[in-house]
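Visitor: Turn this into a structure:
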Amino acid sequence: MRNLDEHTITQAVLARNAQPDNERLREIMTSLVQHLHAFARETHLTEAEWETGIEFLTAVGQICTPQRQEFILLSDTLGLSTLVTAQNHKKPEGCTEATVFGPFHVQGAPSFDLGADISTGLPGTPWFVKGQVRDIHGAPVPHAVIEVWQADEAGFYDVQKPAGVAGDYQGRAVLQADAYGHYHFKTIVPECYPIPHDGPVGKMLEALNRHPWRPAHLHFMIVSPDHERLVTHVFREGGEYLDSDAVFGVRSSLIAEWQRHEPGTDPYGNPIDQLFYTLDFDFVLNPRSR
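Guide: Below you'll find the model as predicted:
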């Protein structure tokens with residue numbers, strides 16, 4: 001194929017890509033090429049703008065580490081993560097809604113017994129969290145595996161802290177619900193925080209006059225053999241940024257009251273000399289397709 005121009009290049013690329021063994025790959029690449037070329041035509045993309053885009057994507061890749069996933073951050077801030085989540089997690093009414101995974105989940109979080117303090121030494125206001133995991137019919141889901149992770153009172157995750165400052169796996173835990181689907185644990189109240197904005201995604205947000213803040217929340221991932229995996233958050237009622245979350249992750253059904261309590265006795269019957277909060281939140285899982 002020689003002498004291709006702006007009118008013939010798209011069909012030439014599609015023809016060249018038409019023979020993969022993987023049919024789904026062919027479908028995705030066909031659509032990708034068509035949309036990319038249409039974008040360039042619609043915007044009359046200049047060479048300088050194309051170079052800037054390549055430099056931006058290169059910088060996104062270069063800043064990625066095992067502790068920082070800038071491409072997920074980019075996907076989140078462009079709304080792509082929410083779009084993919086929404087398309088792939090359509091659930092019957094009554095099921096807990098899924099939301100974005102986020103860039104701060106890490107593998108290998110420690111296991112804790114129910115009732116344990118999972119904050120692992122993080123300073124902050126005590127927070128007692130409990131609830132039940134049920135199915136769509138209201139029956140308890142026994143022994144569901146529940147993974148939680150969170151920011152601290154300063155708005156940082158453990159992986160964002162310098163080596164030697166952060167303890168291993170702070171504010172992260174894997175728990176198992178009891179035979180009746182109940183779970184409970186102690187931690188500290190997380191605060192709202194800015195997503196990492198010292199890299200290329202932050203520069204993009206600044207250029208768009210967008211803020212980088214997320215509302216306060218607690219991450220959950222719940223797994224049960226007979227149900228679809230649930231990845232979600234629980235947000236704080238009345239918190240900041242609920243209507244302008246930088247990664248478009250808020251769902252009204254995931255906003256709950258974090259109840260404040262004066263010093264006295266904690267939910268486990270122990271004396272406590274500082275104010276504390278409680279959260280009671282149930283999760284409803286969707287059955288796994290057979």
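Visitor: What segments of the stretch 151-290 of the chain are helices?
Guide: Listed in chain order, the helices of the stretch 151-290 of the chain (DSSP state H, counting those that start in this stretch) span 200-207.
Visitor: ugh, typo on my part, it should be the stretch 1-150 of the chain
Guide: Going by DSSP H, counting those that start in this stretch, the stretch 1-150 of the chain shows helices at 9-16, 23-43, 47-63, 70-77, 80-88.
Visitor: So which of those is nearest Tyr169?
Guide: Tyr169 lies closest to helix 70-77 among the helices of the stretch 1-150 of the chain, at 19.7 Å (Cβ to Cβ). Every C-beta, even on glycine, is put in place using the N, C-alpha and C of the backbone.
Visitor: Mind pulling up the pLDDT for the closest residue to His89 other than its chain neighbours?
Guide: Of all residues not flanking His89 in the chain, Ala98 sits nearest, at 4.1 Å (Cβ to Cβ, 6 or more residues apart in numbering). Note on Ala98: pLDDT of 96.
Visitor: what's the distance between Ala98 and Val284?
Guide: 12 Å (Cβ to Cβ, to the nearest Å).
Visitor: More neighbours: which of those two?
Guide: When neighbours are counted by other Cβ atoms under 10 Å, Ala98 and Val284 differ, and Ala98 comes out ahead with 24 against 20.
Visitor: tell me which helix or strand of this protein sits lowest on mean pLDDT?
Guide: Lowest by mean pLDDT, DSSP states H and E among the helices and strands of the chain is strand 193-194, with a mean of 92.
Visitor: what helices or strands is that strand leaning on?
Guide: strand 213-214 (3 or more Cβ pairs under 8 Å, 6 or more residues apart in numbering; DSSP states H and E).
Visitor: residues in contact with the strand it packs on?
Guide: Contacting residues not belonging to strand 213-214 are listed as Cys192, Tyr193, Pro194, Ile195, Glu240, Tyr241, Ser244, Asp245, Ala246, Val247, Gly249 [Cβ atoms under 8 Å, 6 or more residues apart in numbering].
Visitor: Can you list the strands that that strand pairs with?
Guide: Within its sheet, strand 213-214 is paired with strand 193-194 (antiparallel), according to DSSP bridges.
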